[in-house]
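J.: Just need the structure, nothing else, for what follows:
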Amino acid sequence: MSDLNQRHCVPCEGGIPALDRSQAEALLKQIDSGWELSEDGLQIARTFHFKGYYKTISFVNAVAWIANNEDHHPDMEVGYSRCVVRYTTHAIKGLSDNDFICAAKIDALVS
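T.: Below is the predicted model of the structure:
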C-alpha cells in the first residue's frame, strides 16, 4: 500500500524539473489503476462515475477541500453523473509528487 495519501504537498513555484516518464510510471503504480498517464507524460487523469448529480457534486466538493488543504488544485470536468479529474503541476509544466499525493487522497475518498 502506498504512503502517498499520508504525505502533504510541498509548494512548487518552479525551478525544479518535472518528473520524467519512468518516475511518473513508478508513482502511477502506487495509486488506483483508474488513473492514466497522458501520452505526453505531462498529466494524470481519472474519470469517476456516480449515481446522480448530488453525489457527483458532493465528490467535487470533497476534492475541492483536498485541493484547498494541500494548496494543489486539479482541473475538473463535471457532468451529471461523472467527474474527470486531471492533475499536472503548472509551475513546472509537467508532473510532480504533488499530483500523485493528491490523486492518492482522492482515491481514499472513493475506496
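J.: In this protein, where's the longest helix?
T.: Longest among the helix segments of the chain by residue count, using DSSP state H, is helix 53-70.
J.: If you count neighbours, what's buried in that one?
T.: Using 16 or more other C-beta atoms under 10 Å as the test for burial, helix 53-70 gives 56, 59-60, 63, 66-67, 70. For glycine as for every other residue, the C-beta is placed from the backbone atoms N, C-alpha and C.
J.: Cys9: which of those residues is nearest?
T.: Using C-beta to C-beta, Glu70 is the member of those that sits closest to Cys9, with 4.2 Å.
J.: hmm, back to that, packing partners for the longest helix of the chain?
T.: Contacts defined by 3 or more C-beta pairs under 8 Å, 6 or more residues apart in numbering; DSSP states H and E place helix 53-70 against strand 75-78, strand 82-87, helix 97-110.
J.: Output it in CSV, but only the C-alpha positions, please.
T.: Output of helix 53-70 as CSV, limited to C-alpha atoms (Å, rounded to 0.1, in the frame of the first residue of the first chain):
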residue,chain,number,x,y,z
TYR,A,53,-25.9,14.8,-9.7
TYR,A,54,-25.9,15.3,-5.9
LYS,A,55,-23.3,12.5,-5.4
THR,A,56,-21.2,14.0,-8.2
ILE,A,57,-21.2,17.4,-6.7
SER,A,58,-20.5,16.0,-3.2
PHE,A,59,-17.4,14.4,-4.7
VAL,A,60,-16.4,17.6,-6.4
ASN,A,61,-16.7,19.5,-3.0
ALA,A,62,-14.6,16.9,-1.3
VAL,A,63,-11.9,17.2,-4.0
ALA,A,64,-12.1,21.0,-3.6
TRP,A,65,-11.5,20.5,0.1
ILE,A,66,-8.4,18.4,-0.5
ALA,A,67,-7.2,20.8,-3.1
ASN,A,68,-7.6,23.8,-0.7
ASN,A,69,-6.0,21.9,2.1
GLU,A,70,-3.0,20.8,0.0
